[in-house]
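Participant: Need coordinates for the below:
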Amino acid sequence: MANVQNLDPTASPLDYYGWELRRHREAAGLSQGQLGEIIFCTGSLIGQIETTRRVPTRDFSERADAALGTDGLFSRLVGLVLRSQLPTWFQPFAAMEAKATYISAYQAQLVYGLLQTEEYARAVLATGMPDDLDGLVAARMERQRILEREQPPLAWVVLDEAVLLRPMGGREVMWQQLAHLLEFTRHRWVHIQVLPNSAGEHASLAGSFTLMRFEGDPDIVYTEDLISGHMTASPEIVKDGTLRYARLQAAALSVEDSAALIARMMEERYGDRAQPEECTVA
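Facilitator: Numbers count the residues shown, from 1 in each chain. Sure, this is the predicted structure:
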């Protein structure tokens, strides 16, 4: 547990954020409780963020900027803080994803991270039993901000039908997640296709992968195993990944038919959200 007296602002983005929050709060002549009242949170939360026991959210940061007159300082810092909460092995991918101009992703098990709702992301991330689930969820939501840019990357995502069938977080969470996917039908930069079970054997039975293209830099293929991620710009592997992705797209339903399947799945599988979750008895 960090102490406000020995907090080293150079130790990490989170330490720097806490140090700056304390410095600006004290300069404004406010106690933790007084600042909490102004930005509608507890003084305890202020103290936890100042001592790095809690990760700040973007909403908290924007309210802190408004209360302390810091000209967007905390809103700028929070992006660095949240990216630092991602697993170390995943941070290089997140950095490249943020720079990509074109993203092609095939997901065999889960909704692609950029398209997840907060509740779905929480259910997914909780399976890893992390020490700070809230921080990981906030970091994933922050990662999605690249789709809100004036010029976002073009993202084309193929989801295996199994993704729609796996009830992560329960019926309500899945209903909301599928509704969120349908919202992207109005997003000109995001396209979603579903690879139906009826396709049988296909070009990526080995698992999920992501292709990324950049302005002026080599294309990259990204894959994950149980404990880490792997990126490569090898021309041979990129070529193979590109061909595999083209075959997946050809086997998948059209964007329009995919949306129809997702809508049908919402109502047929998750529409009765009040129904108790199924359980088994050993």
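Participant: who's in contact with residue 21?
Facilitator: 46, 49, 50, 56, 64, 74 (Cβ atoms under 8 Å, 6 or more residues apart in numbering). C-beta: built from backbone N, CA, C; applies to glycine.
Participant: Residue 228 contacts residue 89, doesn't it?
Facilitator: Yes - between residue 228 and residue 89 there is a contact at 4.4 Å, judged by Cβ atoms under 8 Å.
Participant: which stretches of the protein form helices?
Facilitator: Per DSSP state H, the chain carries helices over the ranges 13-27, 32-38, 43-50, 58-68, 73-84, 91-99, 118-126, 133-143, 161-165, 171-183, 235-251, 255-270.
Participant: can I get these in TSV with distance to residue 150 and mean pLDDT?
Facilitator: As requested, the helices of the chain are exported to TSV (distance: least, Cβ to Cβ, whole Å; pLDDT from 0 to 100):
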stretch	distance to residue 150	mean pLDDT
helix 13-27	25	96
helix 32-38	32	97
helix 43-50	30	96
helix 58-68	18	96
helix 73-84	17	94
helix 91-99	15	94
helix 118-126	24	97
helix 133-143	18	93
helix 161-165	30	96
helix 171-183	19	97
helix 235-251	27	97
helix 255-270	23	96
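Participant: Columns distance to residue 155 on top of these, output as a markdown table?
Facilitator: Formatted as a markdown table, the helices of the chain follow (distance: least, Cβ to Cβ, whole Å):
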| stretch | distance to residue 155 |
| --- | --- |
| helix 13-27 | 26 |
| helix 32-38 | 38 |
| helix 43-50 | 32 |
| helix 58-68 | 21 |
| helix 73-84 | 19 |
| helix 91-99 | 10 |
| helix 118-126 | 17 |
| helix 133-143 | 12 |
| helix 161-165 | 16 |
| helix 171-183 | 12 |
| helix 235-251 | 13 |
| helix 255-270 | 12 |
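Participant: Out of those helices, which gets nearest to residue 106?
Facilitator: Closest approach to residue 106 among the helices of the chain is made by helix 235-251 (5.4 Å; Cβ to Cβ).
Participant: which other helices and strands contact that closest one?
Facilitator: Judged by 3 or more Cβ pairs under 8 Å, 6 or more residues apart in numbering; DSSP states H and E, helix 235-251 is in contact with strand 102-107, strand 154-160, strand 190-195, strand 209-213, strand 220-224.
Participant: Contact partners for residue 177?
Facilitator: By Cβ under 8 Å, 6+ apart, residue 177 lies in contact with 111, 116, 117, 119, 120, 168, 169.
Participant: List the contacts of the residue nearest to the fourth one when sequence neighbours are not counted.
Facilitator: The shortest distance from residue 119 to any residue that is not its chain neighbour, by Cβ to Cβ, 6 or more residues apart in numbering, is 4.7 Å, and that residue is residue 173. In this structure, residue 173 makes contact with 117, 119, 120, 123, 167, judged by Cβ under 8 Å, 6+ apart.
Participant: what about the second one, neighbour count?
Facilitator: This means residue 119. When neighbours are defined as other Cβ atoms under 10 Å, residue 119 has 18 of them.
Participant: again with the first one
Facilitator: Neighbour count of residue 117, defined by other Cβ under 10 Å: 20.
Participant: Let the chain start at 57 from now.
Facilitator: With 57 as the first residue, the last one maps to residue 173.
Participant: pLDDT score assigned to it?
Facilitator: Residue 173 carries a pLDDT value of 98.
Participant: swap in the last one?
Facilitator: pLDDT, residue 223: 94.
Participant: Against residue 231, how distant is it?
Facilitator: Relative to residue 231, residue 223 is positioned 10 Å away (Cβ to Cβ, to the nearest Å).
Participant: Find residues that contact each of the two.
Facilitator: Jointly contacting residue 223 and residue 231 under the rule Cβ under 8 Å, 6+ apart are residue 326.
Participant: shouldn't residue 111 be in contact with residue 141?
Facilitator: Yes - if you go by Cβ under 8 Å, residue 111 and residue 141 touch, sitting 5.9 Å apart.
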